[in-house]
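1. return atomic coordinates for the entry below.
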Amino acid sequence: MVLTYFEIGRMIVEEEQNGKERASYGKQLLISLANKLTQDFSKGFSETNLKQMRTFYIGYTKRPDSI
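-> Here you go, the predicted structure:
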């Protein structure tokens with residue numbers, strides 16, 4: 001489950017936002033993506049959940065190298 005959430009966060013940042021922390025078209029991206037994923041897979045893909053998955057990915061890819 002953790003890897004799935006991380007991968008969804010990665011896909012949002014890397015593929016939908018082109019590696020930027022936020023897409024140029026902003027909040028609409030997560031709303032439309034949440035609607036699409038909910039239609040395709042049912043529950044668990046609300047806008048809030050997608051924001052958390054994106055934050056999870058960003059948080060764990062920006063670790064300092066000195067750890």
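
2. so where do the helices sit in this structure?
-> Defined through DSSP state H, the helices belonging to the chain, from first to last, are 2-10, 27-41, 47-61.

3. can you spell out which helices and strands pack onto the shortest one?
-> Using 3 or more C-beta pairs under 8 Å, 6 or more residues apart in numbering; DSSP states H and E, the elements in contact with helix 2-10 are helix 47-61. For every residue, glycine as well, the C-beta is placed using N, CA and C.

4. show me which positions of the helix it packs on end up buried.
-> When neighbours are counted by 16 or more other C-beta atoms under 10 Å, the buried residues of helix 47-61 are found to be Glu47, Asn49, Leu50, Met53, Arg54, Phe56, Tyr57.

5. now for the second one: which residues touch it?
-> Listed by C-beta atoms under 8 Å, 6 or more residues apart in numbering, the contact set of Asn49 reads Ala34.

6. which stretches of this structure have low pLDDT?
-> Flagging of the chain using pLDDT under 70 yields the residue ranges 17-27, 63-67.

7. at 50 instead, please
-> With pLDDT under 50 as the threshold, the chain has low-confidence stretches at 66-67.

8. list the contacts for the spatially closest residue to Ile12 that is not a sequence neighbour?
-> Excluding the flanking residues, the one nearest Ile12 by C-beta to C-beta, 6 or more residues apart in numbering is Arg54, at 4.8 Å. By C-beta under 8 Å, 6+ apart, the residues touching Arg54 are Gly9, Ile12, Val13, Leu30.

9. want to throw those residues into JSON lines with distance to Met1 and neighbour count?
-> Compiled in JSON lines, those are given as follows (distance: C-beta to C-beta, whole Å; neighbours: other C-beta atoms under 10 Å):
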{"residue": "Gly9", "distance to Met1": "13", "neighbour count": "22"}
{"residue": "Ile12", "distance to Met1": "17", "neighbour count": "20"}
{"residue": "Val13", "distance to Met1": "19", "neighbour count": "21"}
{"residue": "Leu30", "distance to Met1": "20", "neighbour count": "21"}
